[in-house]
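> Fold the following.
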Amino acid sequence: MTKKDYIVIAAILKNERKKALSDQDFSRKVKNLVISNIARGLATFFESNNTRFDGQLFLDATNLTEEEMRLPL
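You can find the predicted model right below:
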């Protein structure tokens, strides 16, 4: 995988987190935890396959900023 692949996957997770947190059908906290667990699992996997992969940078890229949390979908 390349850096471009990791960036796309992080963006997908960020988008899914935003949609999950805006959906009132299920606990926001539970949905956020599920997405965070997936992101951590992916980061661990990516680190094991690429010594230059920065897991923390990837996890940071999957989180919403304060400004993004205020924006509508």
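> Tell me where the protein has helices.
Along the chain, the stretches classed as helices by DSSP state H are 3-22, 28-49, 55-62, 66-70.
> Can you redo those helices as TSV, where the extra columns are mean pLDDT and mean neighbour count?
All C-beta atoms are positioned from the backbone trio N, CA, C, and that covers glycine. Output for the helices of the chain, formatted as TSV (pLDDT from 0 to 100; neighbours: other CB atoms under 10 Å):
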stretch	mean pLDDT	mean neighbour count
helix 3-22	86	15
helix 28-49	88	14
helix 55-62	93	15
helix 66-70	81	9
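> and Asn63, how many neighbours does it have?
Neighbour count of Asn63, defined by other CB atoms under 10 Å: 16.
> Which residue lies closest in space to the residue positioned nearest the centre of the chain, excluding its sequence neighbours?
Centroid-nearest residue in the chain, with CA atoms, centre = their mean: Thr62, separated by 2.9 Å. Take Thr62 and drop its neighbours on the chain: the residue closest to it by CB to CB, 6 or more residues apart in numbering is Leu13, 4.1 Å away.
> Then Arg17?
That would be Ile35: by CB to CB, 6+ apart, it lies 4.7 Å from Arg17.
> who touches that neighbour in this structure?
Ile35 makes contacts with 13, 16-17, 20, 62, as judged by CB atoms under 8 Å, 6 or more residues apart in numbering.
> do that again at 7 Å, thanks
Going by CB atoms under 7 Å, 6 or more residues apart in numbering, Ile35 touches 13, 16-17, 20.
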